[in-house]
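K.L.:
Sequence and predicted structure below; questions after.
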Amino acid sequence: MKNKEIAKIFFNIASFLETEKADFRTIAYKRAALSLESLDEDVEEIYLDKGLAGLEEIPTIGKNLALKIEEYIKTGKIKEYEKLKKKLPVNIDEIIRVEGMGVKKAKILYQKLGVKTIKDLEKSAKDHKIAPLFGFGEKTENNILQGIEFLKIDKGRSLLGFIMPEVEKIILKLENLKEVKKTSIAGSARRMKETIGDIDILVASDNPEKVNNFFVSLPGIKKVWAKGPTKSSVHLKEGFDVDLRIVKEESFGSALQYFTGSKEHNIATRKIAIKKGLKLNEYGVFRGKKKIAGQTEEDVYNAIGLSYIEPEMREDDGEVQLALENKLPKIIGYKDIKGDLHCHSNWDGGKNLIEEMAEFAINIGYEYIGISDHTKFLRIENGLNESQLLKQREKIKKINEKFKTKNFIILHGCEANILSDGSIDIKDEVLEKLDYVIAGVHSSMKIDRKKMTDRIIKAMKNPNVDIISHPTGRLIQKRDEYQIDLEKILKTAKETGIILEINSWPERLDLKDIYIKMAKKAGVKMIINTDAHEKSQMHLMKFGISQARRGWAEKSDIINTLPAGELLKYFI
DNA sequence: GCCGTTTTCGGCCCGACTGTTTTCAGTCG
């Protein structure tokens, strides 16, 4: 996929152009870069398939940019970009990562001091060469040094599952303040993106000053970037920024809509407002000077003629048009799940007894749980062999007797291994005795695309296999997906009735949102599981659900929204 | 440079905060 490479070049071209003049060409390049970044299809394939015309079908790509993409595919270079680099030989994308540094400052620092890299920048700041420059000063110089320090320990984006508890802690503290009327998570955390750059929090209050002062003095804050009457921005010791915005309660809905983003979604909604002769900003929806909405997000969307759009869908990926036509899908809700079928017990080295897992499931309102321990190929995980599985089955039968009165049932499955030849590591005569069988790849992950696809398809065709766990094997920020032909896998899933898992583990979230969309389109059913190795991890379900929501999955696409009786029909 | 349920030309989302300046450009979201 050359999408990301070209996107990066377009971003940099925009930056270079911006150092000369911030006209709409820069915006066009930035938009094109964003659109390429989020494009599912490979631009190179589009080009090989349909030529320039195909490229021009991509929104934000016109004749000129299509030619540039063609040039890159053919020659590996874009002449205009090379020219711009020669004119301003600065690692522009690197330097503007320093908080407070933008392209204009970067250009001046190159011209005056020859700064080309972050290293040069750091040296110039340390030698106090920046402060005396016109337009700069002591504070700017210090901020640059601090920004560089933070970058050095910056882990980049954090996993949603890691950052969410931190957000909740801060929100809890804010809620305890009597001046605070309402709070909400906003930004990409509210949209439940799988990784989060920084945290955005919105507060409704009539005393913003008090809230702001309280916020910037919270423990763990290493640097206050900005603090104004309605907004402040800080850097936490955990390595990320938190932005707080305070508005009056009457504007809470419009502020939340604005602050949740995405940026592209906001631009799209504001354009709709303009077309209707309205203005949308964080204070409300306005007709002339008259405010016609703002208290709730529903009001805001309705006022500009849209139906309410769930935060997880706000990526400007067609949702605005559907909201305009009142045709949005009703995506799965956080309370629709009736049970978790990918749970490990202490039989395979998990932490809890089967009974403990079941009791926890009952307490969080589930109607069933599925125990699916690892099988024998995974020795390191104490995988169960055939006789152990049969023994476990007897045990579960007995435990189920106890839960009969509670209208709860433990289903018995396993998470078997798809071996490198596509066979399953447990004999069929045992597999067929289980309530259901999950199969997953846990070894030989680097084989080529055709072999991996054939391997998984062979497993899917085993009549005893019901579910494929974490189908692409990715570990976010750690390990790429296995090479697979997803189209073929989806086709086979549809033919065989195989269920694909959405694994809720924060570093898996596998299938991911765009694949969920593809699966839904292909008519393939999915199941959201946690892969819990101890009972409290069943709470991770919300991250799987959020991924499903980002993939626009509806309740009917997800089989564990069904009661046990109906669910089991999928496993016959 | 892109794009069209006002347009093939003339628009392109909108506002907050800082630092340096003395009224605003640059940066951020």
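P.N.:
Sure, I can see it. Numbering: from 1, shown residues only, chains lettered A, B, ... in the order given.
K.L.:
which residue sits closest to whatever residue of chain A ends up closest to DNA strand B, ignoring its sequence neighbours?
P.N.:
Going by CB to the nearest atom of the strand, DNA strand B is nearest to A:Gly137 of chain A, at 1.7 Å. For glycine as for every other residue, the C-beta is placed from the backbone atoms N, C-alpha and C. Sequence neighbours aside, A:Ala131 is the residue nearest to A:Gly137 in space, at 5.7 Å (criterion: CB to CB, 6 or more residues apart in numbering).
K.L.:
List the contacts of the one you found.
P.N.:
Residues in contact with A:Ala131 (CB atoms under 8 Å, 6 or more residues apart in numbering) are A:137-138, A:140-141.
K.L.:
Any quick PyMOL command for the buried ones out of the residues you listed?
P.N.:
The buried residues among the contacts of A:Ala131 can be selected in PyMOL (16 or more other CB atoms under 10 Å) with this line:
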select buried, chain A and resi 140+141
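K.L.:
Take the contacts of A:Ala131 and lay them out in a markdown table including distance to A:Leu328.
P.N.:
Formatted as a markdown table, the contacts of A:Ala131 follow (distance: CB to CB, whole Å):
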| residue | distance to A:Leu328 |
| --- | --- |
| A:Gly137 | 50 |
| A:Glu138 | 52 |
| A:Thr140 | 46 |
| A:Glu141 | 50 |
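K.L.:
And the contacts of A:Ala131, which is closest to A:Arg270?
P.N.:
Lowest distance from A:Arg270 to these (CB to CB) belongs to A:Thr140, with 31.9 Å.
K.L.:
didn't the closest one look like it was pressed against A:Ile130?
P.N.:
Yes. Counting by CB atoms under 8 Å, A:Thr140 touches A:Ile130, with 6.8 Å between them.
K.L.:
circling back to that earlier point, show me the contacts of A:Ala131 that map onto helices.
P.N.:
A:138, A:140-141 (DSSP state H).
K.L.:
A:Ser184 falls within a strand, correct?
P.N.:
Yes. The assignment for A:Ser184, made by DSSP: H, G, I helix; E, B strand; the rest coil, places it in a strand.
K.L.:
Report pLDDT for the residue nearest to A:Gly137.
P.N.:
Looking at A:Ala131, its pLDDT reads 90.
K.L.:
That one in helix, strand or coil?
P.N.:
coil.
K.L.:
just the helices in the stretch 301-450 of chain A please.
P.N.:
Assigned by DSSP state H, counting those that start in this stretch, the helices in the stretch 301-450 of chain A fall at A:319-324, A:354-363, A:386-403, A:428-431, A:449-461.
K.L.:
so can I have CSV of those showing mean neighbour count?
P.N.:
Output for these, formatted as CSV (neighbours: other CB atoms under 10 Å):
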stretch, mean neighbour count
helix A:319-324, 19
helix A:354-363, 19
helix A:386-403, 15
helix A:428-431, 17
helix A:449-461, 19
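K.L.:
so which of those comes closest to A:Pro89?
P.N.:
Closest among these, using CB to CB: helix A:449-461, at 38.9 Å.
K.L.:
Just the mean pLDDT for the closest one, thanks.
P.N.:
Averaging pLDDT along helix A:449-461 gives 92.
K.L.:
do the same with stretch A:162-172
P.N.:
For stretch A:162-172, mean pLDDT rounds to 88.
K.L.:
Please enumerate residues in contact with that stretch?
P.N.:
Under CB under 8 Å, 6+ apart, the answer for stretch A:162-172 is A:183, A:185, A:189, A:196, A:199, A:201, A:218, A:236, A:238, A:240, A:242, A:506.
K.L.:
what's near enough to touch the fourth one?
P.N.:
Think A:Ile196. Contact analysis of A:Ile196 by CB under 8 Å, 6+ apart lists A:157-160, A:163, A:187-189, A:240.
K.L.:
For the nearest residue to it once chain neighbours are set aside, which three-state class applies?
P.N.:
With CB to CB, 6+ apart as the criterion, A:Ile196 has its nearest non-adjacent residue at 4.8 Å, and that residue is A:Ile163. For A:Ile163, the assignment made with three-state DSSP gives helix.
K.L.:
tally of neighbours for A:Ile163?
P.N.:
21 (other CB atoms under 10 Å).
K.L.:
where's the residue nearest to A:Gly137 relative to A:Lys182, distance?
P.N.:
42 Å (CB to CB, to the nearest Å).
K.L.:
Work out for me the element A:Leu244 sits within.
P.N.:
Assigned by DSSP states H and E, A:Leu244 belongs to strand A:241-247.
K.L.:
coming back round to it: go through the contacts of stretch A:162-172 and give me the one with the most neighbours.
P.N.:
Within these, neighbour counts (other CB under 10 Å) peak at A:Ile199, which reaches 26 neighbours.
K.L.:
all strands for the stretch 201-350 of chain A, in order.
P.N.:
A:221-227, A:231-236, A:241-247, A:279-281, A:284-287, A:290-293, A:339-343 (DSSP state E, counting those that start in this stretch).
K.L.:
For DNA strand B, tell me whether the fifth one is touching it.
P.N.:
No. Contact of strand A:284-287 with DNA strand B is not found when judged by CB under 7 Å from any atom of the strand; the minimum separation is 8.1 Å.
K.L.:
Just checking the distance from that strand to the centre of its chain.
P.N.:
Remark: strand A:284-287 is offset 31 Å from the chain centroid, using CA atoms, centre = their mean, to the nearest Å.
K.L.:
likewise stretch A:378-385?
P.N.:
32 Å.
K.L.:
What's the end-to-end length of it?
P.N.:
10 Å (CA to CA, to the nearest Å).
K.L.:
that older thread, mind checking the backbone torsions on the residue of chain A closest to DNA strand B?
P.N.:
phi 170, psi -180 (degrees, to the nearest 10).
K.L.:
Distance check, it against A:Lys105.
P.N.:
For A:Gly137, the distance to A:Lys105 - CB to CB - is 12 Å.
K.L.:
can you name the farthest residue from the center of chain A?
P.N.:
Relative to the mean C-alpha coordinate of chain A, counting by CA atoms, centre = their mean, the farthest residue is A:Pro132 (43.1 Å).
K.L.:
Name every strand pairing with the biggest strand by length in chain A and say which way it goes.
P.N.:
Longest strand in chain A by number of residues (criterion: DSSP state E): strand A:409-417. Partners of strand A:409-417 in the sheet, by DSSP bridges, are strand A:368-374 (parallel), strand A:438-440 (parallel).
K.L.:
Could you single out the most deeply buried of the ones you listed?
P.N.:
Of the strands paired with strand A:409-417, the one with the most neighbours on average (mean count of other CB atoms under 10 Å) is strand A:368-374, at a mean of 27.
K.L.:
Just the C-alpha atoms of it, please, in PDB.
P.N.:
In PDB, the C-alpha atoms belonging to strand A:368-374 read as follows (Å, rounded to 0.1, in the frame of the first residue of the first chain):
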ATOM      1  CA  TYR A 368     -24.600 -17.100  29.400                       C
ATOM      2  CA  ILE A 369     -20.800 -17.400  29.200                       C
ATOM      3  CA  GLY A 370     -18.700 -19.600  27.100                       C
ATOM      4  CA  ILE A 371     -15.500 -21.200  28.400                       C
ATOM      5  CA  SER A 372     -13.100 -21.600  25.600                       C
ATOM      6  CA  ASP A 373      -9.700 -22.600  26.900                       C
ATOM      7  CA  HIS A 374      -6.600 -23.000  24.800                       C
END
